[in-house]
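Chemist: from the sequence below, what's the structure:
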Amino acid sequence: MVMLEMLLESGFLVTAINIEHGIRGKDSQKDTDFVLKYCKKRGVECLPFTVNAPEYAKAQGISVELAARILRYRVFDDLLKNKTVDTIALAHHKGDQAETLLMRLFRGTGVRGLRGIVDRVGYIHPLLNRSKAEILQYAKERNIPFVSDATNADSAYTRNFIRNEVMLLVANRYPNAEATLSRTAEVFLELEDYLLSEITPHTREGNAFFLPLTTLNRHGAIAKKSVAECLRAMGIENDIEFSHLEAIIRLKDLQNNAKIDLPFGVEVIKEYERLAFVKKKDVLSFCQPFGLHNAYRLNGAEYAFIPHTAKGCSTFDPDRIPPNAVVRTRRKGDTFKKIGGGSKPLAEYFTDIKMPLRLRDSALLIASGNNILAVLDGDVGEALKITNDSKKIYKIIKREDK
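Modeler: Residues are numbered from 1 along each chain as shown. Purely as a prediction, here's the structure:
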C-alpha cells in the first residue's frame, strides 16, 4: 500500500495487481475486497486474479509457498508479455533482502544467488533500500491503510521461519544484521558482474551448446561460472549445484566421449576439444524401407538421393542396393566396410571419423541386416561403390533446417 502511494505521488501511471492465492479462504477474499475498494477510491485500475496454490502444490509435489510464487509470477509474466503493463513493481524491502540472502545461503547457492533480490527486465523493487520500520512510519504519517496477512506469523513457511525466529535471534546479538546482509548482497552483485565479464562465452549449434575444453583450465571460479551460464542459456537455473559444476570440471582429465548425466535432463560430453551440453532425449529409433526417390527426415535434417554425373564423394551405385535395404539408425552388431577399407564395427568407424557421441544414435544409415551399406553423414560402403560396370550414379544430399 505504501509503494502504491509512492508511485502515485511520483506521477506514475499505475495499475494495481491483486492475486488471491487460494490459501486463506474468506480472510484472503476480505483482503482482496479491501484492495479493490481502496483502488476505486484512489482512481487506480485494479486487476484481480485468483489462483489455487494448494492444489498446484499437491499436483507438483512442492511447497505451497513455492507454488504460490510460481503462479504469481506466471500472472506477472503474462501481463508483461501481453503488454498490459510495462513494468512490475514489487514491494520487497531491506528485511526481505536479508531474509532472501540467508535462505539461499542455507539452501546452497552460488554467487548469483547471493545477490539476493535484484531488478531485472520487467521487474523493479522501489522499496528495497527501505527498512520495514521506515515503511510503517511512512504509512503512519500519511494515514495509509493496510491489512496484515495472518500467515506471516506461521513459521511453517520458510521465509517466515527466517523472519520470525532466525532474524529475531540474530538481531538481538547483531542489531545491524539486516543492513549488513543487505550490503553483502550488493557486494555479491558486483562480484557477479565481474565474473560475467570474465567468463568464456558458449556457442550454439541447433539444440546443442558448447564451451571450449580449455575453459576448464581457467581459474575455478571463472570455469564454473562459464559452465553455469551455459546451462542457464539452456533454461537450467534453479537446480545447478556445486557438486554438478565440480563433476563437469573433472571431465578435463577423462577420456574423449566421457560424459556426465545431470539430474535436470542434461548430458555434458567431452567432445574432443570442446564440451557439448545437450538435453537428454529418448534413444531415437528410425527405420523405413529404402527408396531411391524418397527423402528421409530426422533430427532437423533431411536426406535425399539425386542423379549425379561422375564418381565422387557420397556417390553410390543404386543398382547394387539389395531389395531388403532400409534407412535406419544404428543397432547392436552393425558393421561397416568403407570403400578401400576393412570391415569393422560401426562404433569403431564412428570413432575413426570423430563423429560426436551425441550424434551417433541419430545418424541415418542404409543397411541390409547388420551390414551397413552407407552412412548418410559419412562414407559410402564398399558394397555400393561405383565401378566401370555402373550404369547409374546417385549422390547423397543433406538439407538442414535453418
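Chemist: same for the lowest-mean-pLDDT helix or strand in the chain, what does it pack against?
Modeler: Across the helices and strands of the chain, the lowest-confidence element by mean pLDDT, DSSP states H and E is helix 357-360, at a mean of 83. Contact analysis of helix 357-360 by 3 or more CB pairs under 8 Å, 6 or more residues apart in numbering; DSSP states H and E lists strand 266-271 as its packing neighbours. C-beta: built from backbone N, CA, C; applies to glycine.
Chemist: report the rounded mean pLDDT for the very next helix or strand once past the strand it packs on.
Modeler: Using DSSP states H and E, the helix or strand that directly follows strand 266-271 along the chain is strand 274-279. Here strand 274-279 scores 91 as its mean pLDDT.
Chemist: run through the neighbouring helices and strands of the helix or strand following strand 274-279.
Modeler: Counting by DSSP H and E, the next helix or strand C-terminal to strand 274-279 is strand 287-289. Here strand 287-289 touches strand 326-328, going by 3+ CB pairs under 8 Å, 6+ apart.
Chemist: where in the stretch 1-150 of the chain is pLDDT low?
Modeler: For the stretch 1-150 of the chain, applying pLDDT under 70 flags no range at all.
Chemist: hey, where'd the strands end up in it?
Modeler: Ranges of strands within the stretch 1-150 of the chain are 15-20, 45-50, 88-89, 123-124, based on DSSP state E, counting those that start in this stretch.
Chemist: try the stretch 151-300 of the chain
Modeler: Here the stretch 151-300 of the chain has its strands, by DSSP E, counting those that start in this stretch, at 203-205, 208-212, 259-262, 266-271, 274-279, 287-289, 296-298.
Chemist: can you lay out those as CSV showing distance to Asp33?
Modeler: Shown next, in CSV, are the strands of the stretch 151-300 of the chain (distance: least, CB to CB, whole Å):
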stretch, distance to Asp33
strand 203-205, 50
strand 208-212, 49
strand 259-262, 47
strand 266-271, 46
strand 274-279, 46
strand 287-289, 63
strand 296-298, 57
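Chemist: and the closest residue to Ser131 other than its chain neighbours, what does it touch?
Modeler: The shortest distance from Ser131 to any non-neighbouring residue, by CB to CB, 6 or more residues apart in numbering, is to Lys94 (4.8 Å). Lys94 makes contacts with 128-132, 178-179, 182, as judged by CB atoms under 8 Å, 6 or more residues apart in numbering.
Chemist: gap between Lys94 and Met6?
Modeler: Distance from Lys94 to Met6, counting by CB to CB, to the nearest Å: 15 Å.
Chemist: next: Cys287.
Modeler: Cys287 is 66 Å from Met6, by CB to CB.
Chemist: tally of neighbours for the nearest residue to Asp317 once chain neighbours are set aside?
Modeler: Among residues not flanking Asp317 along the chain, Ser390 sits closest, at 4.4 Å (CB to CB, 6+ apart). By other CB atoms under 10 Å, 17 other residues sit near Ser390.
Chemist: my guess is Ser390 meets Asp319, correct?
Modeler: Yes - if you go by CB atoms under 8 Å, Ser390 and Asp319 touch, sitting 7.3 Å apart.
Chemist: comparing Cys287 and Met6, which residue is more hemmed in?
Modeler: Taking other CB under 10 Å, Cys287 and Met6 do not tie; Met6 has more neighbours (20 against 11).
Chemist: spatially, what comes nearest to that one if we skip its sequence neighbours?
Modeler: Using CB to CB, 6+ apart and skipping the chain neighbours, the partner closest in space to Met6 is Pro126 (6.5 Å).
Chemist: would you agree that neighbour is in contact with Glu9?
Modeler: No - the pair Pro126 / Glu9 is not scored as a contact, 11.5 Å apart, by CB under 8 Å.
Chemist: so between these two, which is more surrounded?
Modeler: Neighbours around Pro126 and Glu9, counted as other CB under 10 Å, are more numerous at Pro126. The numbers are 18 against 9.
Chemist: now do the contacts for the more buried one.
Modeler: Contacts of Pro126 by CB under 8 Å, 6+ apart are 3, 6-7, 89, 91.
Chemist: so how far is Arg183 from it?
Modeler: To Arg183, Pro126 is 19 Å away according to CB to CB.
Chemist: need the contact list for the closest residue to Thr100 other than its chain neighbours.
Modeler: Nearest non-adjacent residue to Thr100, counting by CB to CB, 6+ apart: Gly116, 4.9 Å away. Contacts for Gly116 were tallied using CB under 8 Å, 6+ apart; they are 97, 100-101, 104, 182, 185, 188-189.
Chemist: what do you get if the cut-off is 7 Å, keeping everything else the same?
Modeler: Going by CB atoms under 7 Å, 6 or more residues apart in numbering, Gly116 touches 97, 100-101, 185.
Chemist: okay, helices next: where are they in this structure?
Modeler: Using DSSP state H, the helices found in the chain span residues 2-9, 26-42, 53-60, 64-81, 94-107, 132-141, 158-161, 167-173, 177-198, 220-233, 242-249, 346-352, 357-360.
Chemist: sounds good, over and out.
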